[in-house]
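[1] Provided below for reference: sequence and predicted model.
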Amino acid sequence: MADATYDISDMIGNTIYATIPMAVYIHADDSASPDHIVPAGQPIGVLYSWLNPSASYDRQELWFMYWPDDMDQPYYTKYGPGYNFPALAAQGVQTTQQKADAAALAAKPWYEQAIIKYGPYILGTALIGVAIKAYLSRPPKASNNNL
């Protein structure tokens, strides 16, 4: 899942974690200095929004925007390496592939959905039943009573 991709809009409202020390900024522009560093493994914050690159705002990169609990001033991080995106799965965020798979399944008729969803369980149960029946119907071993 290292190469899983997420839609940014699906990440809104979820906690983003740092995998490396992450610089946090008060202003989202390329000339801003970091305000503080979030240590690796710690939460950066709950993602509130994002800012697209904009030459008029001195942003050449995508920025993530976080709004603190005390409703003070928002803070920002530059998009790039150092985010623990797999931690989003534990928060219920689906990857773009998972969403595409769910949409493809939903587009199938109900009977195909049932076969895809329950078929492996039915087949597994049938195979176990055949194996048990074969085991129970085998001939008894001849006893060796030569005493």
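    Ah, there it is. Numbers count the residues shown, from 1 in each chain.
[2] Residue nearest the middle of the protein, spatially speaking?
    In the chain, the residue lying closest to the centroid (Cα atoms, centre = their mean) is residue 89, at 2.7 Å.
[3] Quick check: mean pLDDT of the one helix or strand residue 121 maps to?
    In this structure, residue 121 sits in helix 110-136 according to DSSP states H and E. For helix 110-136, mean pLDDT rounds to 84.
[4] counting contacts, what elements does it pack onto?
    If you count contacts as 3 or more Cβ pairs under 8 Å, 6 or more residues apart in numbering; DSSP states H and E, helix 110-136 packs onto helix 96-107. Bear in mind the C-beta positions are built from the backbone N, C-alpha and C, glycine included.
[5] Alpha carbons of the helix it packs on, in PDB - could you do that?
    Provided in PDB are the C-alpha atoms of helix 96-107 (Å, rounded to 0.1, in the frame of the first residue of the first chain):
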ATOM      1  CA  THR A  96      -8.700   6.100  -5.100                       C
ATOM      2  CA  GLN A  97      -8.400   2.400  -6.100                       C
ATOM      3  CA  GLN A  98     -10.700   1.300  -3.300                       C
ATOM      4  CA  LYS A  99     -13.300   3.900  -4.300                       C
ATOM      5  CA  ALA A 100     -13.100   2.800  -8.000                       C
ATOM      6  CA  ASP A 101     -13.500  -0.800  -7.000                       C
ATOM      7  CA  ALA A 102     -16.500  -0.100  -4.900                       C
ATOM      8  CA  ALA A 103     -18.100   2.000  -7.700                       C
ATOM      9  CA  ALA A 104     -17.400  -0.800 -10.200                       C
ATOM     10  CA  LEU A 105     -19.000  -3.400  -7.800                       C
ATOM     11  CA  ALA A 106     -22.000  -1.100  -7.300                       C
ATOM     12  CA  ALA A 107     -22.600  -0.800 -11.000                       C
END
